[in-house]
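Enquirer: Sequence and predicted structure, then a few things I'm wondering about:
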Amino acid sequence: MVVFLAAEVFTNALEHLGERMGVSEGVTGSIFAAVGTAMPETIIPLVAIVAGGASEAVNHEVGLGAILGAPFMLATLSIGLMGWFAGRKRGWNTVLTPESTGMKRDLTVFLVGYLLVVAAALLPQSWEQAKIAFAFSLFLLYFLYLMSTIKASRQLVDDGHATEADGKLHVSHFFGDSTPVTVIQLVVGLVLLVVGAKMFVHGVELASSTIGVSALVVSLLIVPVATELPEKVNSILWIRKGRDTLAFGNITGAMVFQGTVIPGAAMMLMPWNLQAGPAVAAILLALLGNGWLWYLSATGRLSGKFLSMGMVLYALFIAYILFAV
């Protein structure tokens, strides 16, 4: 309940802020919403790596699992759930219509960035300088992505894709709807999202306390779902309102951020190598989810029916964990 309330407060304020700034829905969804809601989740793997428990190996497993789990969860479960809610609300065969150039840019940058992440992991462990070069390449890629998205915003606004608020600012009845008030509501919404996510984390921890699996598996499955999935309720709210560009951008923009900047930071803080097993399975399914979304977008089949299949990919990973690990 806290998460749904927080998501409504956050998305309402974000729509008004984007409208005031005169930016496109692509910028609002893929940058503001995606990074704003993803920032709390980035703290978990970085803290685990830098200041975790006594076991460095476990710290690295938790960090690696959380880093790889976020894009995997976004490309499969988040997209699948959004598709399911879209199908329930708007019809299973209704084609959703996010702004196509921005979505293509998000999916392309994620693919390039994630392939760099995988390539860096395949290098010999002694090639530390090369891995640092890969890390800076990921930072540069995200910077160029930001510049490209902001540049495209101007033309998209002229073409009628400007961010428009759906209804009044929630607190306007009491405090007006000035920019400072909008920012305050946005911050309050973000704080509530974090609080709701922490409550969700506690519940998941209690439920998973009896599962005898490795720290890597727990962090791949539990951490992204417990911390990031609740905040992607924003996309569910937007897709139910027909705000397709904002809904998709909130997820695909987060995929770009979580698939470039965070792995890049991790490469500079811990040994970056992968072994066959859950981590590789998560990477492959994340790339498959990204490819499936790309195919649906390119063929004009972005319907709830097909998007919901993302949940099948997530279920495959759970089945792999249960029966093969």
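Expert: Now that the structure is in, tell me what you want to look at. Numbering: from 1, shown residues only.
Enquirer: drop to CA atoms for contacts and neighbour counts, all remaining ones
Expert: OK.
Enquirer: How is Arg301 assigned, secondary-structure-wise?
Expert: Here Arg301 takes the coil state, with states given by DSSP: H, G, I helix; E, B strand; the rest coil.
Enquirer: Do you know the pLDDT at it?
Expert: According to the prediction, Arg301 has pLDDT 94.
Enquirer: residues contacting the closest residue in space to Gly69 that isn't next to it in sequence?
Expert: In space, and not counting its chain neighbours, Gly69 is closest to Leu220: 4.4 Å by C-alpha to C-alpha, 6 or more residues apart in numbering. Contacts for Leu220 (C-alpha atoms under 8 Å, 6 or more residues apart in numbering) come out as 65-66, 68-70, 279, 282.
Enquirer: Sticking with Leu220, tell me its helix or strand.
Expert: helix 215-227 (DSSP states H and E).
Enquirer: Kindly export whichever helix or strand comes after that helix (C-alpha atoms) in CSV.
Expert: Where DSSP H and E defines the elements, the next helix or strand beyond helix 215-227 is helix 233-240. Taking Å, rounded to 0.1, in the frame of the first residue of the first chain, the C-alpha atoms of helix 233-240 are listed here in CSV:
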residue,chain,number,x,y,z
VAL,A,233,4.9,0.5,-9.9
ASN,A,234,5.3,3.9,-11.6
SER,A,235,5.3,2.2,-15.0
ILE,A,236,2.1,0.3,-14.0
LEU,A,237,0.3,3.5,-13.1
TRP,A,238,1.5,5.2,-16.3
ILE,A,239,0.6,2.3,-18.6
ARG,A,240,-2.9,2.1,-17.1
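Enquirer: what about the helices in the stretch 151-300 of the chain?
Expert: 172-175, 179-208, 215-227, 233-240, 244-267, 278-298 (DSSP state H, counting those that start in this stretch).
Enquirer: how about those, which one is nearest Val109?
Expert: In terms of C-alpha to C-alpha, the element of the helices of the stretch 151-300 of the chain nearest to Val109 is helix 244-267, at 6.5 Å.
Enquirer: Now that closest one - C-alpha only, PDB.
Expert: C-alpha atoms of helix 244-267 as PDB (Å, rounded to 0.1, in the frame of the first residue of the first chain):
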ATOM      1  CA  ASP A 244       3.100   4.600 -22.800                       C
ATOM      2  CA  THR A 245       6.300   6.600 -23.300                       C
ATOM      3  CA  LEU A 246       6.700   7.400 -19.700                       C
ATOM      4  CA  ALA A 247       5.800   3.800 -18.700                       C
ATOM      5  CA  PHE A 248       8.300   2.200 -21.000                       C
ATOM      6  CA  GLY A 249      11.000   4.800 -20.500                       C
ATOM      7  CA  ASN A 250      10.900   4.300 -16.700                       C
ATOM      8  CA  ILE A 251      12.000   0.700 -17.200                       C
ATOM      9  CA  THR A 252      14.200   0.900 -20.300                       C
ATOM     10  CA  GLY A 253      16.000   4.000 -19.000                       C
ATOM     11  CA  ALA A 254      16.700   2.200 -15.700                       C
ATOM     12  CA  MET A 255      18.000  -0.800 -17.700                       C
ATOM     13  CA  VAL A 256      20.500   1.600 -19.400                       C
ATOM     14  CA  PHE A 257      21.600   3.100 -16.100                       C
ATOM     15  CA  GLN A 258      21.800  -0.200 -14.300                       C
ATOM     16  CA  GLY A 259      23.600  -1.900 -17.300                       C
ATOM     17  CA  THR A 260      26.300   0.700 -17.700                       C
ATOM     18  CA  VAL A 261      27.100   3.100 -14.800                       C
ATOM     19  CA  ILE A 262      26.700   0.600 -12.000                       C
ATOM     20  CA  PRO A 263      28.800  -2.300 -13.500                       C
ATOM     21  CA  GLY A 264      31.400   0.300 -14.500                       C
ATOM     22  CA  ALA A 265      31.700   1.400 -10.900                       C
ATOM     23  CA  ALA A 266      31.900  -2.200  -9.700                       C
ATOM     24  CA  MET A 267      34.800  -2.900 -12.200                       C
END
